[in-house]
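**Q** Build me a structure from this.
(one chain, ligands or ions: 2)
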Amino acid sequence: MGFVIKKMKIKPLMLDGLDGYQFEELIAKIMKKKGFEKIRVTSKSHDVGKDIIMEDSKGNIILVECKHQNFVGRPVIQKLQGAMNHEEDRHSNKEVKGIIVTSGKFSKESQTYNKQIRQEIELIDGRKLNRLCKELNLIILNGKVQILTNDSFRNISAKDAIDLANKGFSKIYWGRMHNPKIKTNLEFNPACYIKYNVNFNTYTSVGCIDEYSDSGIIITDGLSGEELDEDTTEFFFSGRIDTEKIKEKDENKKISFEFTENDTEEQAIDFIIKEHSHNVNYMGDNNVTYTKNCIPKRRDIDIKQFVPVYLPVWTNEIDIMKMHYTQEFYVKGSKQLYLNDELRKCKICEREKDEYEDMSICPECGRIVCPSHVKIDYLDKETPICTIHAKSFNLWIQNKYFAKKENLKEYKKQWESMNFFQKLFEDKIAFGLCIGGAFIILLILISLFS
Ligand SMILES: [Zn+2]
Ligand SMILES: [Zn+2]
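**A** Ligands and ions are numbered 1, 2, ... in the order given. Here you go, the predicted model:
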């Protein structure tokens, strides 16, 4: 069996499952992507002849009529025309334009008629709509906008990622004596930046008790749909947001967004409702104070901006002797946020330190250990050794530790040849006890003779 590579045609949008209202919502979304502003879907308020009102960047008013049907005839154009005239009368200082969008086709007659009227209406049929989506880089699946992007926070190269591991490693005590094997791997985690406004009033029998208006930003994890954790949000989204296009060779490292844009927005709105619900105390007609929980409705929330973006995350796999270490970190330009850094984690007690400088590496096994699990060779005063491999020698009370066997042997010889006082001085614990004891005797004598 061979491979047959077919030239991909632009597939028609699969919109059959949508009802009229969902179709309008989709068109509103496409218009937002096209850069229109102040988009309102009005059909639910039974406005005749227009489903969406929006503005272009110059502040012109644009009325959009959406027809999720096979054929659109002349009456639809006439109706929108009427709505445009009405809108013009209301805003004499603004230009009013019209667009009709259909998933089907416009009849010949309607197209001829449209050319004759004073202000031509823009007609977008199914094919044009399809092309528009393609231009905007929108993938519509079952009427929902799939999230696709090539934007990532400014990333580093694989060499830079390996250099980071080497740099950290060289700061570890005795690290420079080793030559670790490092493999690195890049992935892009998906996230969505959502900017919103929320405006709503709460009424009770005594009238309006609360006028609420706020705006905010929510960052969601493109995989779980949940709010992104605080550390990651802070790292990427505070300060300047500096992005770049993902290089073609790295595009296969993108982890796909798990949800459609619609679903992500829906979930975000749930978080926003929770975030902006609040209690208000008010006085009733009977002079009794009540507490009302003011909760925004979904339509009170306006998504101003929806920006999908990738977060570069690197994994370094580091091998030293038989030991294995992993580092995982996010990258934003020249900064890193470590999710995991085993080069700063003691292989014996698993405690993590803030600095590489706090760690030492055992030359016998390659374990990186914390200050509590390292000994320094007593004779050469520099070679570290983990507490598992430290060679100990018991003096009278104190233990001395050695990294090298020959140093232990050498020291044993030295110890044998010492006299009592040299040995006493050598055994710091025994020496300390003697001094302490002598001091106590002195105190007793003083107290006896004074
Ligand atoms: Zn430790
Ligand atoms: Zn060791």
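**Q** Tell me the secondary structure at the residue lying closest to Y411 once chain neighbours are set aside.
**A** Spatially, and ignoring its direct neighbours in sequence, Y411 is nearest to L379 (5.3 Å; CB to CB, 6 or more residues apart in numbering). The way it works is simple: take the backbone N, C-alpha and C, and place the C-beta from them, glycine included. State at L379, reduced to three classes by DSSP: H, G, I helix; E, B strand; the rest coil: coil.
**Q** correct me, but L379 touches K409?
**A** No. With contact defined as CB atoms under 8 Å, L379 does not reach K409; the gap is 9.8 Å.
**Q** Those two: which has the busier surroundings?
**A** L379 (19 against 13; other CB atoms under 10 Å).
**Q** Next one: that one from ligand 1, what distance?
**A** Plainly put, L379 is 24 Å away from ligand 1 if you go by CB to the ion, to the nearest Å.
**Q** All the strands of the stretch 351-450 of the chain, residue numbers only.
**A** Using DSSP state E, counting those that start in this stretch, the strands of the stretch 351-450 of the chain run over 360-361, 368-369, 374-376, 384-386, 391-394, 399-402.
**Q** Kindly apply the preceding question to the stretch 1-150 of the chain instead.
**A** With DSSP E, counting those that start in this stretch as the criterion, the stretch 1-150 of the chain has strands spanning 37-41, 52-55, 61-67, 71-72, 96-102, 105-106, 122-124, 139-141, 144-146.
**Q** Take these and lay them out in a markdown table including distance to ligand 2 and mean pLDDT.
**A** A markdown table is the format used below for the strands of the stretch 1-150 of the chain (distance: least, CB to the ion, whole Å; pLDDT from 0 to 100):
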| stretch | distance to ligand 2 | mean pLDDT |
| --- | --- | --- |
| strand 37-41 | 65 | 86 |
| strand 52-55 | 69 | 92 |
| strand 61-67 | 71 | 92 |
| strand 71-72 | 79 | 90 |
| strand 96-102 | 71 | 94 |
| strand 105-106 | 77 | 92 |
| strand 122-124 | 71 | 94 |
| strand 139-141 | 54 | 77 |
| strand 144-146 | 52 | 79 |
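**Q** Reformat those strands into a markdown table and put mean neighbour count next to each item.
**A** Listed next are the strands of the stretch 1-150 of the chain as a markdown table, based on neighbours: other CB atoms under 10 Å:
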| stretch | mean neighbour count |
| --- | --- |
| strand 37-41 | 15 |
| strand 52-55 | 19 |
| strand 61-67 | 23 |
| strand 71-72 | 17 |
| strand 96-102 | 22 |
| strand 105-106 | 20 |
| strand 122-124 | 17 |
| strand 139-141 | 16 |
| strand 144-146 | 19 |
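**Q** is it possible to export those to TSV including distance to K171?
**A** Shown next, in TSV, are the strands of the stretch 1-150 of the chain (distance: least, CB to CB, whole Å):
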stretch	distance to K171
strand 37-41	52
strand 52-55	57
strand 61-67	60
strand 71-72	70
strand 96-102	61
strand 105-106	69
strand 122-124	61
strand 139-141	46
strand 144-146	45
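**Q** Tabulate those strands (a markdown table), appending distance to ligand 1.
**A** Output for the strands of the stretch 1-150 of the chain, formatted as a markdown table (distance: least, CB to the ion, whole Å):
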| stretch | distance to ligand 1 |
| --- | --- |
| strand 37-41 | 58 |
| strand 52-55 | 62 |
| strand 61-67 | 66 |
| strand 71-72 | 74 |
| strand 96-102 | 66 |
| strand 105-106 | 74 |
| strand 122-124 | 67 |
| strand 139-141 | 51 |
| strand 144-146 | 48 |
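**Q** between the ones you listed, which gets nearest to S170?
**A** Nearest of those to S170, taken as CB to CB: strand 144-146 at 45.0 Å.
**Q** same for that closest one, what does it pack against?
**A** Other elements packing on strand 144-146 under the criterion 3 or more CB pairs under 8 Å, 6 or more residues apart in numbering; DSSP states H and E are helix 20-33, strand 139-141, helix 261-276.
**Q** got a list of contacts for that strand?
**A** For strand 144-146, the surrounding residues in contact (CB atoms under 8 Å, 6 or more residues apart in numbering) are L26, K29, I30, L138, I139, I140, F257, T260, E261, N262, D263.
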